[in-house]
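[1] Sharing a sequence plus its predicted fold:
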Number of protein chains: 2
Amino acid sequence: MCQPVRVSDTPSAPPVCVLGLGLIGGSLLRAAVRAGREAWGHNRSAPSVDAARSDGFDADTDLVAVLQRASAESALIVIAVPVPAVAATLTAIALYAPNCSITDVVSVKAEVAATAARQGLSDRYVGGHPMAGTSASGWSVGSADLFREAVWVVGTDDGVDPAIWTQVAQLALDCGSVVVPAESAEHDRAVARISHLPHLLAETLAITGARGGPLALGLAAGSFRDGTRVAGSAPGLVRAMCEGNRDALLIALDEALVLLQDARTELADLSSAATLVEAGHTARLTYDNQETWEITGIVPGREGWIDDMRDAGRRGGRLRRL
Amino acid sequence: MCQPVRVSDTPSAPPVCVLGLGLIGGSLLRAAVRAGREAWGHNRSAPSVDAARSDGFDADTDLVAVLQRASAESALIVIAVPVPAVAATLTAIALYAPNCSITDVVSVKAEVAATAARQGLSDRYVGGHPMAGTSASGWSVGSADLFREAVWVVGTDDGVDPAIWTQVAQLALDCGSVVVPAESAEHDRAVARISHLPHLLAETLAITGARGGPLALGLAAGSFRDGTRVAGSAPGLVRAMCEGNRDALLIALDEALVLLQDARTELADLSSAATLVEAGHTARLTYDNQETWEITGIVPGREGWIDDMRDAGRRGGRLRRL
């Protein structure tokens, strides 16, 4: 689907309306157009829209007009605004384009699904989360290649509409990603472990290191630099991720606290770090040696497809085509 | 001092006898020779010695002969053996080369200093710790460039012999490093924060992530990969570092536990991660923006030089020449 031909006349590839043209939304607009999709975007900031236009893309600051066009063309709407703006965006969609299919690229899924439900949009919404990004932000840093070979989670909750699910998965594939199907709450628990907890530990390490003053920081080498890298991310973004996934993050954080408390006891009482270090090494090897496999033969809409998709995602499966 | 000329006729640049030809010792032998120093090494393993010899270096498996030569030539002995072998190595030095200057490259300093004291070698010993290394090990992975622009801590304890201190600092400079003077216990507290705690947090993150199964590990991206990188290090090495610096590591670990517990409370009670995230970001910026400066004008042996050196190291100072 990466040839520059229009494919939007097939039901799974409608036009794409991207709301928010920052790093993720701006990259998505570029990638969709490159894949031959009809696509346009909205940003409330005129300079961002001007930048997108001067790069040859179809963009506008008028949200109502953009949504009315989405409604008229039965577009797939992608919510790519910052987390605090998601609820207001869904309100606008409910007003001006309630018939459209809706997805999003927010890093937590259960909360967005609940917000969509409060707007009566559950039937039209299938969540998404492309695991891609950098610490930079804004239209100018976007790239059509951002999602290439990235993992793109597509929300696979009870009662999900298979046609909309297919549209969202097709968009991810068109952008060059592989699709991992996962139920929203399960996604949130997973990213708490591998994306949000790493931030809390990095912040903790940065503080503890800096308390050692210039001597300690001057001796810091690779382990400290790597272990604190994401503490350099904008605090607002880190807080939005962590606070938006509070319940799942508390579970992961409590597990980490137990591991560290137990290690503290073992080190103090037995002068040994064996339990934590051995288990940690084994876990890292599991990560290094993980194998993924291609999901095939599950047809959205057939009986049991939701459970089958979730089960495949849980076992490391990835969709590479529909 | 990097030209290939013999400089070992000056008191601060005696011949160098390296005990242990793994990554660090093997790199040190190469770097010392490249700097024009007379240098030879010992390893108990014949294949390592054969490899060093076939690379053109002077190496032997006979520890007694190597130490007798060190004694005869008034060499500076560098202990570069694994931690568990340090005590036995010091015993051999006390027997066969008690007149030599002694340093080491072990990552904890107070324990080695105490072991040297038990052998009656305190007067001859000045600890060292080059902050360099990779996860690989053995003679074959060594490089004369390993220490280039690295930080090399030189132990600056009460009563240290200024002539031996100068020999050790000169060796570090000859290897291309910069010298940070620090008292042994202060060094250990610093590396607990920036080298040993990062390992415990990385192990913890790896375990917590792997508990999420293939779904979580399959979604893991940069923050998890970087945050768990050092969990890939050999468990034996990690344990030796952490257990050898137990008391200082417990202090750093307790600080980290308080930070994480407080963050847990704030997240649970107020749905906020503000305190940890803001402070962590500030700390990482402090690390990114740290400035080092060159120590000049402190002459080893002059009154107050030990306090002056320690104070300079504490404030981020580095020696680039003697």
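    Done, it's in.
[2] show me what contacts the residue of the stretch 1-150 of chain A found nearest chain B?
    In the stretch 1-150 of chain A, the residue that lies nearest chain B is residue A:131 (5.1 Å; C-beta to the nearest C-beta). From N, CA and C alone the C-beta is placed, and that goes for glycine too. Taking C-beta atoms under 8 Å, 6 or more residues apart in numbering or on different chains, we find residue A:131 in contact with A:150-153, B:219, B:221.
[3] By neighbours, which of these wins?
    The most crowded member of the contacts of residue A:131, judged by other C-beta atoms under 10 Å in any protein chain shown, is residue A:153 (28 neighbours).
[4] helix/strand/coil for the residue nearest to the spatial centre of chain A?
    The centroid of chain A falls nearest to residue A:129 when counting by C-alpha atoms, centre = their mean (2.7 Å). Assigned by DSSP: H, G, I helix; E, B strand; the rest coil, the conformation of residue A:129 is strand.
[5] In this structure it contacts residue A:103, no?
    No. Look at residue A:129 against residue A:103 with C-beta atoms under 8 Å: they stay out of range, at 9.7 Å.
[6] Let me see the contact set for residue A:245.
    Per C-beta under 8 Å, 6+ apart, neighbours of residue A:245: A:107-108, A:111, A:188, A:191-192, A:196.
[7] among those, which are in helices?
    The helices, defined by DSSP state H, take in A:111, A:188, A:191 from those.
[8] Relative to residue B:221, how far out is the last one?
    Residue A:191 sits 10 Å away from residue B:221, going by C-beta to C-beta, to the nearest Å.
[9] Over to the first one?
    Computed as C-beta to C-beta, the residue A:111 to residue B:221 distance reads 21 Å.
[10] Where does pLDDT dip in the stretch 201-322 of chain A?
    Nowhere does the stretch 201-322 of chain A drop to pLDDT under 70.
[11] Now do the helices in it.
    Using DSSP state H, counting those that start in this stretch, the helices of the stretch 201-322 of chain A run over residues A:213-219, A:222-228, A:235-244, A:246-270, A:274-288, A:305-314.
[12] Would you mind saying which of the ones you listed lies nearest chain B?
    With C-beta to the nearest C-beta as the yardstick, what comes closest out of these is helix A:274-288 (2.5 Å).
[13] So that closest one, near chain B or not?
    Yes. On the criterion C-beta under 8 Å from any C-beta of the partner chain, helix A:274-288 is in touch with chain B at A:274, A:276-288.
[14] Over to stretch A:136-149?
    No. Stretch A:136-149 is not in contact with chain B by C-beta under 8 Å from any C-beta; minimum separation 11.5 Å.
[15] which of the residues in that stretch are buried?
    Within stretch A:136-149, the residues that qualify as buried are A:137, A:139, A:142, A:144, A:146-147, counting by 16 or more other C-beta atoms under 10 Å in any protein chain shown.
[16] got those residues as JSON lines, with secondary structure and pLDDT columns?
    Formatted as JSON lines, the buried residues of stretch A:136-149 follow (DSSP: H, G, I helix; E, B strand; the rest coil; pLDDT from 0 to 100):
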{"residue": "A:137", "secondary structure": "coil", "pLDDT": "79"}
{"residue": "A:139", "secondary structure": "helix", "pLDDT": "95"}
{"residue": "A:142", "secondary structure": "coil", "pLDDT": "95"}
{"residue": "A:144", "secondary structure": "coil", "pLDDT": "97"}
{"residue": "A:146", "secondary structure": "coil", "pLDDT": "96"}
{"residue": "A:147", "secondary structure": "coil", "pLDDT": "96"}
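[17] biggest separation within those, which pair?
    A:137 and A:144 (17.1 Å; C-beta to C-beta).
[18] Which residue is the nearest non-sequential neighbour of residue A:99?
    Leaving out its chain neighbours, the residue that sits closest to residue A:99 by C-beta to C-beta, 6 or more residues apart in numbering or on different chains is residue A:71, at 6.0 Å.
[19] cool, and residue A:87?
    Counting by C-beta to C-beta, 6+ apart, residue A:87 lies nearest to residue A:115, which is 5.2 Å off, once chain neighbours are set aside.
[20] Run through the residues that contact residue A:186.
    Residue A:186 neighbours (C-beta under 8 Å, 6+ apart): A:310, A:314, B:215.
[21] what's the closest of those residues to residue A:232?
    Nearest to residue A:232 among the contacts of residue A:186, with distances taken as C-beta to C-beta, is residue B:215, at 27.5 Å.
[22] ok, that closest one touching residue A:185?
    No. Contact criterion C-beta under 8 Å: residue B:215 and residue A:185 do not qualify, at 12.0 Å.
[23] Could you check which of these two has the larger neighbour count?
    With neighbours defined as other C-beta under 10 Å, residue B:215 and residue A:185 compare such that residue B:215 has more, 26 against 15.
[24] got the contact list for that one?
    Residues in contact with residue B:215 (C-beta under 8 Å, 6+ apart) are A:180, A:182, A:186, A:190, A:313-316.
[25] cool, residue A:294 as well?
    Counting by C-beta under 8 Å, 6+ apart, residue A:294 has contacts A:317-320.
[26] How much space separates it from residue B:201?
    Note on residue A:294: its distance to residue B:201, by C-beta to C-beta, is 35 Å.
[27] and if you look at residue A:63?
    For residue A:63, the distance to residue B:201 - C-beta to C-beta - is 43 Å.
[28] When these two are compared, which one has more neighbours?
    Neighbours per residue, other C-beta under 10 Å: of residue A:63 and residue B:201, the larger number sits with residue B:201, 31 against 17.
[29] related to what we said a few turns ago, okay if I get the contacts of residue A:294 as a markdown table plus neighbour count and distance to residue B:124?
    Formatted as a markdown table, the contacts of residue A:294 follow (neighbours: other C-beta atoms under 10 Å in any protein chain shown; distance: C-beta to C-beta, whole Å):
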| residue | neighbour count | distance to residue B:124 |
| --- | --- | --- |
| A:317 | 24 | 63 |
| A:318 | 18 | 62 |
| A:319 | 22 | 67 |
| A:320 | 12 | 66 |
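[30] Out of those, the closest to chain B would be?
    Taking these together and measuring to chain B by C-beta to the nearest C-beta, the closest member is residue A:318, at 7.4 Å.
[31] Isn't that closest one up against residue A:177?
    No. The pair residue A:318 / residue A:177 is not scored as a contact, 9.3 Å apart, by C-beta under 8 Å.
[32] overlap in contacts of those two?
    Listed as contacting both residue A:318 and residue A:177 by C-beta under 8 Å, 6+ apart are residue A:151.
[33] what about residue A:162, distance to chain B?
    Here residue A:162 is placed at a distance of 21 Å from chain B (C-beta to the nearest C-beta, to the nearest Å).
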